[in-house]
Every structure is written in structure tokens, then in C-alpha cells.
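S.K.: could you look at this predicted model? Sequence included:
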Amino acid sequence: MPTAWDRLADATQPQAAAGALSIITLGHVHADDLTALTSHFSRLEQLVLDIPPQDELSKHRAELNRAIDASSNDWMLLVREREVVDDALAKEIGEAANAAQARGFRIRSVPFYCGAALRIGGEEGEVRLFHRRYYMRYANKGEWQQLAIQGTVVRLTNILRSNSFESAEAHREHLVRAGAVPHSPLRRLLLFLRYAVAAGTLDRNTLRYLWIDAGFDQG
């Protein structure tokens, strides 16, 4: 484990110096997936948020608030299971935190399938980097769809790389192991067409992913 890491169980550490970052991880995020950040911050700490990694944060506001309270740094970064912070994003995060020209930053999470980016999901991204002093924990009487930040929120250029399956075969095997039941050919075709229209892309890799997904009832 990199020497810059300091894993915390509670808020027992003093306030960190400038250039420090607290990373709240949802699910299992390996330290190697975050190592690029060590070149851009003097100190890092990781706090694990024990909730389903792909859940909407709005469902777990109390847990998120406790994790923020337990952190010892001002700048917070949220990373979900399977996501990787590469060198380009780590550099941009470091520059954004040091410049502090905005209070929060949206970051897109792009799923990668068979080594290529899937063309699904929105371009806006969600708030993943923010200064905790401007986090509005009581906004909208405790109800929000995304994190509420007081002040300017902008989107970073670089992305979080979210790794899924290395091959179509691995995708199928995962669905079978999970107990997914094959659909009939007609239902599969109809679901695939619906998925494809919603995705709005002719990218072959994305269509292959959707075709396999449409073939199983995943409960």
C-alpha cells in the first residue's frame, strides 16, 4: 500500500494540511485504482461507505453524512466500485482542488466493456468532488437527487473509468452464474430494440453489450 495512504475508521485524526484529500469509496475499491492521486496530494485517506456501490446516494444520505463527518480533510472525492482514477483525472482533480475556483465538480463515470467505452449514460456526470464546507446536508429538507453544493459546480474534462467485463464471454458467464434466466428470442429482440433506442448509438461494442443483456431476465 502506498505510504501516502491513511485509512481511518473514525474522526480521530487532526485536520490535514492543504493538498490533502479524503476519498469516500462505495463498495470495494482497491488502493491500486486510486494510486495516481498520490502524486498530486500530500496526504490521502480512504473511508469506506458500506452501501451497494451502484445505489443512488440520495438513498443513503445519513451514511454519507457520517462518512463526511469522519473525514479529516476539506476536499472530498466519491469513487464507486469498479471505477479507476487514471493519471489524467488525478492531475485534473489536484489542480481543481488547489485552484478552488469552484465548490464542487461533476465527473462522468464511463463504463468500459471489452476494452472500449460504452456509449450509454449521460454526459453531465454527477457531483463527485467537493469542498465539504459547502456541502448542503440539509438542502430540500434532507431530500435530493444529487449532492447539493452551495456555490459554483462545474464538470471536469476527464472521466472515471468504470471497468465491467473484459469479454462478451465473461459477460454471459456472469449472468449465468448470477442465476439469470434466458429470455425467449422474441422478448430478447424487443428488449434489445428498446435498449438500443434509449442508448441512441450505433456503436458496435455498445450494441453487443445491450444484445447480451437483453438475452437474460436478471430479476
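M.R.: Nice, thanks for sending it over.
S.K.: ok, longest helix in this protein?
M.R.: If you go by DSSP state H, the chain has its longest helix at helix 185-199.
S.K.: for the chain, which element, helix or strand, carries the lowest mean pLDDT?
M.R.: Ranking every helix and strand in the chain by mean pLDDT, DSSP states H and E puts strand 5-7 at the bottom, with a mean of 45.
S.K.: at which residues are the strands of the protein located?
M.R.: 5-7, 20-26, 43-49, 75-80, 83-84, 104-107, 109-113, 116-117, 126-131, 153-155, 160-163, 181-182, 216-217 (DSSP state E).
S.K.: among those, which comes closest to residue 58?
M.R.: strand 126-131 (10.6 Å; CB to CB). C-beta here means a position set from N, CA and C on the backbone, and glycine is covered the same way.
S.K.: who are the packing partners of that closest one?
M.R.: strand 75-80, helix 87-99, strand 104-107 (3 or more CB pairs under 8 Å, 6 or more residues apart in numbering; DSSP states H and E).
S.K.: for it, what is the distance to the chain centroid?
M.R.: 10 Å (CA atoms, centre = their mean, to the nearest Å).
S.K.: what angle do strand 109-113 and it make with each other?
M.R.: Put simply, strand 126-131 runs at 130 degrees to strand 109-113, going by axes from the mean of the first three to the mean of the last three CA atoms, to 10 degrees.
S.K.: list of residues touching strand 126-131?
M.R.: Residues from elsewhere that reach strand 126-131 (CB atoms under 8 Å, 6 or more residues apart in numbering): 74-79, 93, 96-97, 100, 103-107, 109, 146-147, 149, 153, 156, 160.
S.K.: filter those down to just the buried residues.
M.R.: Buried members of the contacts of strand 126-131, scored by 16 or more other CB atoms under 10 Å, are 74-79, 93, 96-97, 103-107, 109, 146-147, 149, 153, 156, 160.
S.K.: roughly how far apart are residue 201 and residue 70?
M.R.: 41 Å (CB to CB, to the nearest Å).
S.K.: same check, this time on residue 100
M.R.: According to CB to CB, residue 100 and residue 70 sit 22 Å apart.
S.K.: what of residue 216?
M.R.: With CB to CB as the criterion, residue 216 and residue 70 are 39 Å apart.
S.K.: between these two, which has more neighbouring residues?
M.R.: With neighbours defined as other CB atoms under 10 Å, residue 216 and residue 70 compare such that residue 216 has more, 20 against 17.
S.K.: okay but that one is in contact with residue 184, surely?
M.R.: No: applying CB atoms under 8 Å as the test, residue 216 and residue 184 come out as separate, 11.4 Å apart.
S.K.: before we move on, the earlier item: possible to save the helices and strands packed on strand 126-131 as JSON lines with mean pLDDT and distance to residue 51?
M.R.: What follows is the helices and strands packed on strand 126-131, written out as JSON lines (pLDDT from 0 to 100; distance: least, CB to CB, whole Å):
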{"stretch": "strand 75-80", "mean pLDDT": "96", "distance to residue 51": "10"}
{"stretch": "helix 87-99", "mean pLDDT": "95", "distance to residue 51": "23"}
{"stretch": "strand 104-107", "mean pLDDT": "96", "distance to residue 51": "19"}
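S.K.: out of those, which gets nearest to residue 50?
M.R.: Comparing the helices and strands packed on strand 126-131 under CB to CB, the one sitting nearest is strand 75-80, at 13.0 Å.
S.K.: nothing else from me, thank you.
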